[in-house]
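Asks: Here is the input, now give the coordinates:
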Amino acid sequence: MQSLLGIFHYIDATQSSTSLRESFYVFPVVEGIHVISLAISVGLVIWFDLRLVGLILKDQPVSAVFRPIRPFMLTGFGIMFATGIALFWALALRCYASPFFWIKMVFLLLAGINIGIYHFTIDRRQTEWDSMTVPPTRARIAGLVSLVLWIGVIAAGRLMAYFL
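Replies: Next up, the predicted model:
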């Protein structure tokens, strides 16, 4: 993995990385925006996942729960990923050395795969089960897996902050 470490060294040595890392105002603002956008996007994902699992809003069709929150969820994710990349850029070498960074990346990758599987397979048949009080097993499993993975992303991210 020496070549990967070299990339992290390169990023860490860039002017933009140093400027962001050493900024008295910009770094904390980026970090604050990251946390707020995470709360919005992942909070809405958790809301939707709880409906998929069948724990809340059982009288509401899944599509009726998802439709109004989708734009806010996607906007929050966009901002969260942009600010996350900026935070990584500022702290690349510290991230490389942190096991929590790698755990977070694995959870993010798995969450992305889970989203893909849900949207490209299970969700395509949503019209058949949209109004069910408790969605089919595959949808409930996707929701439960999503809950676990996003909790893992948040936990690993918080632990990164304390051990960088």
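
Asks: any idea how far A39 is from the residue of the chain positioned farthest from its centre?
Replies: Computed with Cα atoms, centre = their mean, the residue of the chain farthest from its C-alpha average is E128, at 28.4 Å. Distance of E128 to A39, computed by Cβ to Cβ, to the nearest Å: 33 Å. (Each C-beta comes from the backbone N, C-alpha and C, glycine too.)

Asks: And A161, by the same measure?
Replies: Note on A161: its distance to A39, by Cβ to Cβ, is 15 Å.

Asks: Put the alpha carbons of stretch 155-164 into CSV.
Replies: C-alpha atoms of stretch 155-164 as CSV (Å, rounded to 0.1, in the frame of the first residue of the first chain):
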residue,chain,number,x,y,z
ALA,A,155,-19.8,6.2,15.1
ALA,A,156,-16.6,5.7,13.1
GLY,A,157,-16.7,9.4,12.1
ARG,A,158,-17.1,10.6,15.6
LEU,A,159,-14.3,8.3,16.8
MET,A,160,-12.1,9.6,14.0
ALA,A,161,-12.5,13.1,15.4
TYR,A,162,-11.4,12.1,18.9
PHE,A,163,-8.4,10.0,17.7
LEU,A,164,-6.9,12.0,14.8
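
Asks: avg pLDDT for that stretch?
Replies: On average, the pLDDT along stretch 155-164 is 90.

Asks: what comes into contact with it?
Replies: The contact list for stretch 155-164, computed with Cβ atoms under 8 Å, 6 or more residues apart in numbering, reads L38, L91, R94, C95, S98, F100, F101, I103, K104, F107.
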